[in-house]
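Participant: the following comprises the amino acid sequence and a computationally predicted model.
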Amino acid sequence: MNGFLSRSAAATVCVGVSTLTLACAYSASCPVAVSAQLAGPSAPGSESLGAASTASADAPSPASSAKSGAKRKAAATSTRSAAPIGKANRLKHALRELACDDAARVQEALRLLREDGSRAVGRPVAARIRDGLPPSLLLQAIGVLVETGQRQVAGKLVELLRHRRSEIRRAALEALGSLRYRRAQTQLLAALRDPAEEVRVTAAATLAVVGVPRAVPALLAAHDNGVEGAIGAVGQLVGHAHLELLLERARGSGLDAVLPALEASLQRPRLPAHVKVRIIRAVSESSSASASHHLARWLESGVHGVQARLARELIAGIARAEKRVVDGALPAEKKETAAQAKLTQRPPQ
């Protein structure tokens, strides 16, 4: 009996030692669990408290959570601001700003709309002009309309030809010329009589650019009234119908008076060759002493799209002009010789 108890006690001691050994080995990797085991049975609910303390140790504090959330929000905002704004959104933003009353915002909106250059901006800009803009912004808005290239908004430009400021009227004329808007011929012709000189000059150039042949008589009248560039505009427009009117002026006022128009006509690529030949012949047959000089200069510089026929006509024209000068000088020489002969034959008194 005593031997059995001794063996039982020894086994218990061995088991305890083994348990302690395993606990020590486990404590290296999980000290919290080992300390809990070594502490013995815990009070009821102590397991949940331990789990909660472990979870709270792993979870971030409220302050750190707020900081990390703020960082994430700032990073997202930075990413959105760095990303380029889409073209459609930029256009919507510019159109919204266009309707406001702040001049600086309207100016920025017009800048964005001009950069956009799409056909969708023409009508909103024309409507904003109709609502009223200060002169500086009005000039900028006219530039936007030109960039769109829409003739549908040209009606607003025609209305601006009656603006009280001459710089606005001039800008509207230039815009109509850029759009090649031919439906405003009556208004363009009226602008040749504008009170402001710069508007009259721009009107002459615009008529030439747009292409209004019926404006030739009005341009000749404007030239008589001292409108600069009007005679050159005639050369851009004159054709078979009005050529005789121009040549009649050359015969009456002299070649130099209409020379810019004649030169501009010869440089037009689409003017028929027979019209150019008629101009060359008229110049060569004129009474101007400088006719041969001008013909030689045109031959040397080259008539636009020159053909063999035009080159031959220029050479023949030079010969005709020189012959007229010689023929015109001969009668005077004969008269002088006859006068000298008469003096020598007079008997002495």
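Facilitator: Nice, I can see it. Numbering: from 1, shown residues only.

Participant: show me what contacts residue 109?
Facilitator: Neighbouring residues of residue 109 by CB atoms under 8 Å, 6 or more residues apart in numbering: 94-98, 100. C-beta here means a position set from N, CA and C on the backbone, and glycine is covered the same way.

Participant: got any ranges where the stretch 51-200 of the chain has weak pLDDT?
Facilitator: 51-87 (pLDDT under 70).

Participant: quick one on the thing from earlier: please indicate which of the contacts of residue 109 are buried?
Facilitator: 94-95, 97-98 (16 or more other CB atoms under 10 Å).

Participant: of all those residues, which two lie farthest apart?
Facilitator: Farthest pair in the buried ones among the contacts of residue 109 (CB to CB) is 95 and 97. Separation: 7.4 Å.

Participant: including distance to residue 133 and secondary structure, could the contacts of residue 109 go into JSON lines?
Facilitator: What follows is these, written out as JSON lines (distance: CB to CB, whole Å; DSSP: H, G, I helix; E, B strand; the rest coil):
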{"residue": "94", "distance to residue 133": "15", "secondary structure": "helix"}
{"residue": "95", "distance to residue 133": "15", "secondary structure": "helix"}
{"residue": "96", "distance to residue 133": "17", "secondary structure": "helix"}
{"residue": "97", "distance to residue 133": "13", "secondary structure": "helix"}
{"residue": "98", "distance to residue 133": "10", "secondary structure": "helix"}
{"residue": "100", "distance to residue 133": "12", "secondary structure": "coil"}
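
Participant: do a quick rundown of the helices in the stretch 201-349 of the chain.
Facilitator: Assigned by DSSP state H, counting those that start in this stretch, the helices in the stretch 201-349 of the chain fall at 216-224, 230-237, 240-253, 255-266, 273-284, 291-301, 308-345.

Participant: for the stretch 51-200 of the chain, that is, sorry about that
Facilitator: 62-82, 87-98, 103-116, 122-131, 135-148, 154-160, 166-179, 185-191, 197-210.

Participant: got the buried residues for the third one?
Facilitator: Put plainly, it is helix 103-116. Here helix 103-116 shows 106-107, 109-110, 112-114, 116 as buried, counting by 16+ other CB under 10 Å.
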